[in-house]
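> return a 3D structure for these sequence lines:
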Amino acid sequence: MNTPPRHDDDHAVIIANTVDWLEKAVIGLNLCPFAKAVHVKKQIRYVVCDSSNPEDLLAMLMDELQTLADSSPEQIDTTLLIHPYTLNDFLDYNEFLDVADAAVEDMHLAGELQVASFHPHYQFAETFEDDISNFTNRSPYPTLHLLREDSIERAVEAFPEASEIFDKNIATLEKLGLDGWEKLGIAKAGSDGK
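Predicted coordinates:
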């Protein structure tokens, strides 16, 4: 495994920065109305991949998919697999998402689990890099979000306007603007030496 030496302190900072982003942006701006409940109940598993090698990340992703599949939702409802040292280029990361989806299929977990994506340089197709709409999926570090299909279905039932979330998020961020986003004070990858 191509793994540089890391310390538990590194993981603590990386996870703390991710939780800060979750609380200030995802929950604070209500970008995902389903996130608050699992956060409050401590049902989010945070895992840091130390490797800079995509093959190692894939192996860890498969381990985490299996862990999530084998766990009860009350224990772990969702997992954030944070990988600060690999796939920092968004185009490489975006290509890896096909590999992640194939892993879900290969493990016969399609229909049970899915992988969502967050990245510090996230960019939707046909947008400019600094378009505020991209910030709906911008996180401090490259992150794979492992979700349960059942949890998504329950959340959608509880939130009938779920199909409007994306448009509402864009409107929220357009109102906030880049200056408003900066004022949230969300950590950026590399800002603390990590």
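
> can you mark which positions in stretch 113-129 are buried?
Across stretch 113-129, burial judged by 16 or more other CB atoms under 10 Å covers 113, 114, 115, 116, 117, 118, 119, 120, 122, 123. The way it works is simple: take the backbone N, C-alpha and C, and place the C-beta from them, glycine included.

> contacts for it next, please.
With contacts defined as CB atoms under 8 Å, 6 or more residues apart in numbering, stretch 113-129 is touched by 61, 65, 68-69, 87-90, 93-94, 97, 100-101, 104, 131, 133-149, 152, 188-189.

> wait, residue 65 touches residue 104, no?
Yes. Counting by CB atoms under 8 Å, residue 65 sits close enough to residue 104 to count as a contact (6.5 Å).

> between those two, point out the one with more neighbours.
Higher neighbour count among residue 65 and residue 104: residue 65, with 24 against 20, using other CB atoms under 10 Å.

> pretty sure that one sits in a strand.
No. Residue 65 sits outside any strand when classified using DSSP: H, G, I helix; E, B strand; the rest coil, being helix.

> now the strands for this structure?
Here the chain has its strands, by DSSP state E, at 44-48, 78-82, 113-118, 143-148.

> C-alpha coordinates for the second one, PDB please?
Extracted in PDB, the C-alpha atoms of strand 78-82 (Å, rounded to 0.1, in the frame of the first residue of the first chain):
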ATOM      1  CA  THR A  78     -24.200   6.500   6.200                       C
ATOM      2  CA  THR A  79     -20.400   6.700   5.700                       C
ATOM      3  CA  LEU A  80     -18.100   9.500   4.600                       C
ATOM      4  CA  LEU A  81     -14.900   8.100   3.100                       C
ATOM      5  CA  ILE A  82     -12.500  11.000   3.100                       C
END
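
> who are the packing partners of that strand?
If contacts are counted by 3 or more CB pairs under 8 Å, 6 or more residues apart in numbering; DSSP states H and E, strand 78-82 sits against helix 8-21, strand 44-48, helix 54-70, strand 143-148.

> which parts of the worst-scoring helix or strand of the chain on mean pLDDT are buried?
Among the secondary structure pieces of the chain, namely its helices and strands, helix 149-158 has the lowest mean (mean pLDDT, DSSP states H and E), a mean of 81. Applying a neighbour-count criterion of 16+ other CB under 10 Å, one finds 151, 155 buried in helix 149-158.

> all set, thanks.
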